[in-house]
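Trainee: Just the structure for this:
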Amino acid sequence: MLYEVKNSIFVNHKKSLGVGLALALLVFGFFNKELIIGFLKKENSGVQLAKVTLVKNEVRKKKTASLNWNSAGVDDSIHRGDSVSTGNASTALVQFNNGEKLTMDQNTLIVFDQQADTPEFVTGNIKLSVNGSMKIKINNEIVTINGKNADIQVFKDSKSSKQKIVLLKGESKVSTNKNSVNLEPNKVIDSKEVTLNPSEFQAVVAEEKLQETILVAQEKAQTAALAEQALPSQIAAVQPEVPKVYNYKLYDFYKKASLEGLEFTVNKAFVEKPNGQFEIFSTSLLQYKSQIEISGDKPTMAQFIITDSVRPIGYVIELSQTPVFSEETTRYFWARSKFKYPFEKTGTYYLRYRKVLADQHLTSYSPAEKFNISQNINLKLSEIKKQKRKELRLIAAQRKTEAERLLALKKAEPAIKLTDVPRKPAALQDAQSVLRLTPEKALRNLKFASSYVEANVTQGYLASNRQLENNRGYSQSYNLGFDIAHWNYNQGIKAQVSKSMVSSSSANSVLLAELDYMYRSLVTARFADGGQIQVAGIVGYEFYQNSGNTSDFVNSYSMFKLGLGASLPLFSFWNAELDAMYGIGTSKATSLQVNARLSYYLQQNLSLGLGFKARKYDFVLLDQKNMESFAETYTSLRYHY
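Mentor: Model prediction:
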């Protein structure tokens, strides 16, 4: 009896405890709905594979267990089973965890596998940027893409509905468990060439050709049968035809400007038709050299390559120096997928093109491309030298011709003897003096404004007000340094590093590093070789460190610097340089630096330099002004390129 009572009490207590826990969970859930929903979303989101890093216009994303498409935003995570799509005139950029990138063009769908970390290309047009290895599913087969700085385009051909692959740049190899293919630049291949072994692929190609032949034959037979069955009464009862859409052709809009048909002008007689239209411009890529330079007076041939998703007959290129492509400033010419154009003038250019499809149908315009044509500075200097030599030769030839003419006239005159003293005719004397021409100088310093790499050895002297107050001598050291300066047209970057190798005071070991941005201009100067000197504005950052433990000198500092530099070529073999820099650091610290250098050119690409560099650093410590100076004399060997 006692056991039954205890058991009953235990059961009742257990029921009460269960009811209490249920009520507590309900109350917690009511006041923490967002926390619970967020937790459930996080748990059900799956393994993160990538994230969206760029969104333009209409980009949507769908979760695995959802039927709804939601707008995608930048930094949205993509997990296993998710789908991403783009609408008309829309693009998206997806970056994977390993750094590889996938760019989605308009009307594209990508589905991420639920069981593996592999995206599946369903339809549209994508670009894969691979510098390593990644996997993607194409035609229900997992394709491994190995690339070195490669851009690979995968798209679905609108006419054949086949998935195609093309290498836009770099090097790439695509492989499956059935086949492996090394991609060639700008060569379009069928994706089945990778997903099938060679024998299977050849069989598929043969089957497709057979089916295409059968289909064409069936269409011809059906057309002939319908024509035979047509009755006169039916023909008479034909309803008025709805006007068909007219696709504009090449010579509707353009007119030949040359007999070869390679140059065009806009057809003044072109009139838009109510039912007229241009064909839709399909996906294509225009590639060209990012930096195009004109060297001297000769035109520079620039090469352009168009990688296309279709195979047109050709292209009509429009090239202009104005973004509006006015007829007066635009040149129209015919081109294939690879073409060259001779540029004669510098400046900004704009390029767009139309495709000419089968039956000479004309598409709408491509997006306009903008690029710059600039002058090669080094070659410009050499051209100036050549021009001056040419002028000197012309002047010498003119003087020689005039002297020979005067001498011939003098010989033709009757000889009149005025005195027995032999005299040399004045005209002959003038002619002889004219023919004494100074030989041309061999100029070695033409590359004074070029990029260079330099190694230098310096002898440095370090001093400070605290060292002087403690009656200690200055610290002397021998340093090894390296400089590199690279110019890209008028802009340049210079990096310098110097390190103490041997010091008179073991407590001091100086490391000095500096990075500068430079913008230059060539200024006319008659006294300089080539008639020009280089003047540059400099913005830089300096880092100084003394790893010694002495209290006489500052341990380290860094500061931003601003200054000017000049380079002056003289006497055919020499070049003089002068830099002045002012720096600003933290805690009211300032610096002033002057650098002077004289270089002798052993060859056009090699110079030996001697120089002096002085640097003064002022700073405030414990409300007291302090000063430290570092002076160097140096010898350097510089290679110009």
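
Trainee: what pairs with Leu515 across the strands?
Mentor: Beta-bridge partners of Leu515, counted by DSSP bridges, are Ala495, Tyr541.

Trainee: Test my guess that it contacts Val497.
Mentor: No. Counting by C-beta atoms under 8 Å, Val497 is not a contact partner of Leu515; they are 9.6 Å apart. C-betas here are computed from N, CA, C, even on glycine.

Trainee: can you list residues touching both of those two?
Mentor: Common neighbours of Leu515 and Val497 (criterion: C-beta atoms under 8 Å, 6 or more residues apart in numbering): none identified.

Trainee: List the residues that contact the closest residue to Asp359 other than its chain neighbours.
Mentor: Of all residues beyond its chain neighbours, the one nearest Asp359 is Lys249 (7.2 Å), with distances taken as C-beta to C-beta, 6 or more residues apart in numbering. Counting by C-beta under 8 Å, 6+ apart, Lys249 touches 359-362.

Trainee: Which ChimeraX command selects the buried ones in the residues you listed?
Mentor: Selection of buried members from these for ChimeraX, criterion 16 or more other C-beta atoms under 10 Å:
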select :361,362
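
Trainee: Just the buried residues of stretch 338-356, please?
Mentor: Those would be 339, 341, 343, 349-356, for stretch 338-356 by 16+ other C-beta under 10 Å.

Trainee: On the three-state scheme, the closest residue to Leu357 other than its chain neighbours is what?
Mentor: Leaving aside its chain neighbours, Leu357 sits nearest to Pro312 (5.2 Å; criterion: C-beta to C-beta, 6+ apart). Under DSSP: H, G, I helix; E, B strand; the rest coil, Pro312 falls in the coil class.

Trainee: For Pro312, grab phi and psi.
Mentor: Per-residue torsions, Pro312: phi -80, psi 170 (degrees, to the nearest 10).

Trainee: hang on, the earlier thing: among the buried residues of stretch 338-356, which one sits closest to Gln163?
Mentor: Nearest to Gln163 among those is Lys355, at 21.6 Å by C-beta to C-beta.

Trainee: For the closest one, which three-state class applies?
Mentor: Going by three-state DSSP: Lys355 is strand.

Trainee: pretty sure it is touching Val310, no?
Mentor: Yes. With contact defined as C-beta under 8 Å, Lys355 reaches Val310; the gap is 7.4 Å.

Trainee: Now do the shared contacts for those two.
Mentor: Common neighbours of Lys355 and Val310, using C-beta under 8 Å, 6+ apart, are Ser282.

Trainee: so how many other residues sit close to the closest residue to Asn186 other than its chain neighbours?
Mentor: In space, and not counting its chain neighbours, Asn186 is closest to Thr307: 5.1 Å by C-beta to C-beta, 6+ apart. Thr307 sits with 19 neighbouring residues when counted by other C-beta atoms under 10 Å.

Trainee: Tell me the bridge partners for Thr307.
Mentor: With DSSP bridges as the rule, Thr307 is bridged to Leu285.

Trainee: gap between it and Thr283?
Mentor: Distance, Thr307 to Thr283, by C-beta to C-beta, to the nearest Å: 9 Å.

Trainee: Okay, helices next: where are they in the protein?
Mentor: Using DSSP state H, the helices of the chain run over residues 2-31, 33-44, 192-195, 198-229, 232-236, 250-253, 377-412, 426-434, 465-469.

Trainee: Give me the pLDDT value at the nearest residue to Phe304 once chain neighbours are set aside.
Mentor: Spatially, and ignoring its direct neighbours in sequence, Phe304 is nearest to Tyr288 (4.7 Å; C-beta to C-beta, 6+ apart). In this model, Tyr288 is scored at 79, pLDDT.

Trainee: Spit out the contact partners of Tyr288.
Mentor: 302-305, 369, 371 are the contacts of Tyr288 under C-beta under 8 Å, 6+ apart.

Trainee: quick one: which of the residues you listed has the most company?
Mentor: Result: Phe304 is most packed of the contacts of Tyr288 (other C-beta under 10 Å), 20 neighbours.

Trainee: Save the contacts of Tyr288 as TSV, and put in distance to Leu462 and pLDDT too.
Mentor: Shown next, in TSV, are the contacts of Tyr288 (distance: C-beta to C-beta, whole Å; pLDDT from 0 to 100):
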residue	distance to Leu462	pLDDT
Ala302	53	87
Gln303	55	88
Phe304	57	91
Ile305	58	91
Glu369	55	90
Phe371	51	85
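
Trainee: ok, so of those, who is nearest Glu279?
Mentor: Closest to Glu279, out of all of the contacts of Tyr288 and judged by C-beta to C-beta, is Glu369, at 20.5 Å.

Trainee: Test for you: state the pLDDT assigned to the residue lying closest to the closest one once chain neighbours are set aside.
Mentor: Spatial nearest neighbour of Glu369, chain neighbours left out: Leu351 (4.8 Å); criterion: C-beta to C-beta, 6+ apart. Per-residue pLDDT puts Leu351 at 94.

Trainee: and if you look at Lys164?
Mentor: 84.

Trainee: what do you get for the one 4 residues further on?
Mentor: We have a pLDDT of 87 for Leu168.

Trainee: cool, the one 3 residues further on as well?
Mentor: In the predicted model, Glu171 carries a pLDDT score of 90.

Trainee: Tell me how many other residues surround it.
Mentor: Count around Glu171 with other C-beta under 10 Å applied: 15.

Trainee: What residue, apart from its backbone neighbours, is nearest it spatially?
Mentor: Nearest one to Glu171, counting by C-beta to C-beta, 6+ apart, is Lys148 at 4.5 Å.

Trainee: so that neighbour makes contact with Gly170?
Mentor: Yes. Using C-beta under 8 Å, Lys148 makes contact with Gly170 at a distance of 5.6 Å.

Trainee: Which one's more surrounded, the two?
Mentor: Taking other C-beta under 10 Å, Lys148 and Gly170 do not tie; Gly170 has more neighbours (16 against 11).

Trainee: if you skip the residues just before and after it, what's nearest to that one?
Mentor: Ala150 (3.4 Å).
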